[in-house]
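Visitor: Have a look; sequence and predicted model below, questions after that.
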Amino acid sequence: MATFESLGLSEWLVNQCKQMGITRPTPVQEHCMPAILEGRDCMGCAKTGSGKTAAFVLPVLQKLSEDPYGIFCLVLTPTRELAYQIAEQFKALGKPLGLKDCIVVGGMDMVTQGLELSRKPHVVVATPGRLADHIRSSDTFDMKRLRFLILDEADRLLEQGCTDFTKDLEIILNVVPAKRQTLLFSATLTDTLQELKSIAMNKPFFWEHKSEVRTVEELDQRYILTPEKVKDAYLVNLIQKFQDEHEDWSIMIFTNTCKNCQILTMMLREFKFPAIALHSMMKQRQRFANLAKFKSNVFKILIATDVAARGLDIPTVQVVINHNTPGLPKIYIHRVGRTARAGRNGVSITLVTQYDIHLVSAIEEQIQAKLKEYPVQEKEVLKILTQVNVTRRQCEIKLEATDFDEKKEINKKKQMILEGKDPDLEEKRKNELAKIKREKKKFKGRIQEAIQKKKKGKMLMKRTNRKKVPSQTAPGSS
Ligand SMILES: Nc1ncnc2c1ncn2[C@@H]1O[C@H](COP(=O)(O)OP(=O)(O)OP(=O)(O)O)[C@@H](O)[C@H]1O
């Protein structure tokens, strides 16, 4: 069995690992670290909670200790919370080096970040948008000597989801040296393999944890089939049960929109559950504060959008509830991966309506495992159904009375301006596109109608012909 020493780590780093309870390398660390220490580009694909962060942090620290300078390493990651988490690992493991790090994420003061960048930190951990802003607007730092470029959750950084990082990545890739080591990690790398290979140019070492099932063995994956209108009652019932049966418990609930996240939080609080929200419409300081309160178990329930689906490492989470069935298997894999981490047990429960069954089939096909039905006492759920639905409606009304929707519009416009778009022009374009779509639909409808009419006409003709034929032939045949 490999040890950190046998993989080539120095004694100080091995000791530092020990202090953090990291005594033996996990498979992704065992396989990827030697290649990274050899100077190769590396792509590592291993299950959630399997120690991918240390698989790149440790070799970077080893190399940094041999030749320390700034800026030595840049880590890019899709969310702000994840950037802080990665920086924490660097700080904890790199303490004996006196590691200087800098976190560059949106929602935080840009001037302070600019100052820190100009002080040549060893390691910069950033979200792509904010770093690209600094590159565009400042000449007080450069990354010409950068030794390591790391893309954590690399597939997310390259896909064109609701937040598209590709333009910002281009800006960043233009200012980092071609001669560098590039490391790419994720639990779901394989879908974007070709794009990733073009970033890690020098014949990257590729390691994938081969296993039939793509989720961890310690995870008990369940579902509850429910009509849409009963979903919230199931949710309340589930939480009540966990609260009654466990002393030490902690649950993450994922939902599809910021608004839903806010409403669910309000609703669960009406039922006196210790719930707190995390979504992208909250101020960044509030996001960090809420996450900290959840991590320290002050609040036992975190209700989040997919902004929290990837990477967050909160060992106390025993249960993940999907309030909506994720539309993509990949998102499911990351969401449920917030529990059952580093060998611990965990449960995931997905609420599935009759319209989501095909999504469950897609998930099962991807993860190569079947979700099992979660046993519930329907009678208990029906008892609270009206009360839950009334409470939800009350929360919706309360939220409508605030400027939540307006804020959403303002945020959208802000984002467009940041992307160099004119919000009014975009609105006009959107309306025109919608109009074209409507007209196309109408046109299609008319064509369909005409086709149907023609078909009906033909059928009528056939029928009348058929009726006519016997009466015409009958005399001759008799
Ligand atoms: N060798 C090790 N032995 C024991 N625990 C470890 C080891 N390496 C890392 N860990 C711990 O395992 C936990 C999960 O690690 P990490 O967050 O790096 O997972 P990950 O693979 O990046 O997961 P995800 O895909 O969800 O981002 C962390 O708490 C980390 O400290």
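Guide: Everything's here; your move.

Visitor: and G70, how far is that from A132?
Guide: Noted for G70: a distance of 20 Å to A132, by C-beta to C-beta, to the nearest Å. Every C-beta, even on glycine, is put in place using the N, C-alpha and C of the backbone.

Visitor: Apologies, that question was intended for C261.
Guide: With C-beta to C-beta as the criterion, C261 and A132 are 27 Å apart.

Visitor: if you count what's nearby, which of these two comes out ahead?
Guide: C261 (26 against 21; other C-beta atoms under 10 Å).

Visitor: The more buried one in helix, strand or coil?
Guide: What DSSP: H, G, I helix; E, B strand; the rest coil gives for C261 is helix.

Visitor: for the one 5 residues further on, same thing?
Guide: Reducing the assignment to helix, strand or coil with three-state DSSP, the entry for M266 is helix.

Visitor: That one contacts L399, doesn't it?
Guide: Yes. Contact criterion C-beta atoms under 8 Å: M266 and L399 qualify, at 6.9 Å.

Visitor: Which stretches in the stretch 201-350 of the chain count as strands?
Guide: For the stretch 201-350 of the chain, the strands defined by DSSP state E, counting those that start in this stretch occupy 205-208, 219-225, 251-254, 275-278, 301-304, 319-322, 346-352.

Visitor: Tell me which of those lies nearest to D109.
Guide: Proximity to D109 (C-beta to C-beta) singles out strand 275-278 among the strands of the stretch 201-350 of the chain, at 20.9 Å.

Visitor: What mean pLDDT does that closest one get?
Guide: Mean pLDDT, strand 275-278: 97.

Visitor: what's it packed up against?
Guide: If contacts are counted by 3 or more C-beta pairs under 8 Å, 6 or more residues apart in numbering; DSSP states H and E, strand 275-278 sits against helix 258-270, helix 284-295, strand 301-304.

Visitor: Could I get the average pLDDT for the shortest one?
Guide: Right, the one you point to is strand 301-304. Strand 301-304 comes out at a mean pLDDT of 98.

Visitor: Next: the first one.
Guide: Per-residue pLDDT over helix 258-270 has a mean of 97.

Visitor: orientation of that helix relative to helix 284-295 in degrees?
Guide: Note on geometry: by axes from the mean of the first three to the mean of the last three C-alpha atoms, to 10 degrees, helix 258-270 and helix 284-295 are set 50 degrees apart in direction.

Visitor: Mind giving me the packing neighbours of the top helix by length along the chain?
Guide: In the chain, assigned by DSSP state H, the helix with the most residues is helix 423-477. Using 3+ C-beta pairs under 8 Å, 6+ apart, the elements in contact with helix 423-477 are helix 404-418.

Visitor: Out of the strands of the stretch 201-350 of the chain, which one sits most buried?
Guide: Mean neighbour counts were compared across the strands of the stretch 201-350 of the chain using mean count of other C-beta atoms under 10 Å; the top stretch is strand 301-304, at a mean of 27.

Visitor: got the residues of the stretch 101-250 of the chain near the ligand?
Guide: Residues of the stretch 101-250 of the chain lying close to the ligand (C-beta under 6 Å from any ligand atom) are A187.

Visitor: the helices in the stretch 101-250 of the chain, which residues?
Guide: Ranges of helices in the stretch 101-250 of the chain, per DSSP state H, counting those that start in this stretch, are 110-118, 128-137, 154-158, 166-175, 193-199, 231-245.

Visitor: Would you pull up how far the first one lies from the middle of the chain?
Guide: Just to be clear, that refers to helix 110-118. Averaging C-alpha positions (C-alpha atoms, centre = their mean, to the nearest Å) puts helix 110-118 28 Å from its chain's average.

Visitor: Around the ligand, pick out the residues from the stretch 251-400 of the chain.
Guide: Residues of the stretch 251-400 of the chain found near the ligand, taking C-beta under 6 Å from any ligand atom as the criterion, are G311, D313, P315, G337, R341, A342.

Visitor: out of everything not next to it in sequence, what's closest to the third one?
Guide: Which is P315. Leaving out its chain neighbours, the residue that sits closest to P315 by C-beta to C-beta, 6 or more residues apart in numbering is R341, at 6.2 Å.

Visitor: For the one you found, give me its contacts.
Guide: R341 is in contact with T48, G49, V216, D313, P315, V317, counting by C-beta atoms under 8 Å, 6 or more residues apart in numbering.

Visitor: Who has more neighbours out of M266 and L399?
Guide: For M266 and L399, the more surrounded residue by other C-beta under 10 Å is M266, and the numbers stand at 19 against 15.

Visitor: who touches the more buried one in this structure?
Guide: Counted by C-beta under 8 Å, 6+ apart, M266 has contacts C395, K398, L399.

Visitor: got it, and R136?
Guide: By C-beta under 8 Å, 6+ apart, the residues touching R136 are I171.

Visitor: Let's see that with 10 Å instead.
Guide: Taking C-beta atoms under 10 Å, 6 or more residues apart in numbering, we find R136 in contact with D168, I171.

Visitor: Could you save the contacts of M266 as CSV and add columns showing pLDDT?
Guide: Supplementary listing: the contacts of M266 in CSV, determined by pLDDT from 0 to 100:
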residue, pLDDT
C395, 95
K398, 92
L399, 92
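
Visitor: Could you list which of the residues you listed belong to helices?
Guide: Residues of those located in helices (DSSP H): C395, K398, L399.

Visitor: count of residues packed around whichever residue of the stretch 351-478 of the chain sits closest to the ligand?
Guide: In the stretch 351-478 of the chain, the residue that lies nearest the ligand is I367 (14.2 Å; C-beta to the nearest ligand atom). Close neighbours of I367, defined as other C-beta under 10 Å, add up to 19.
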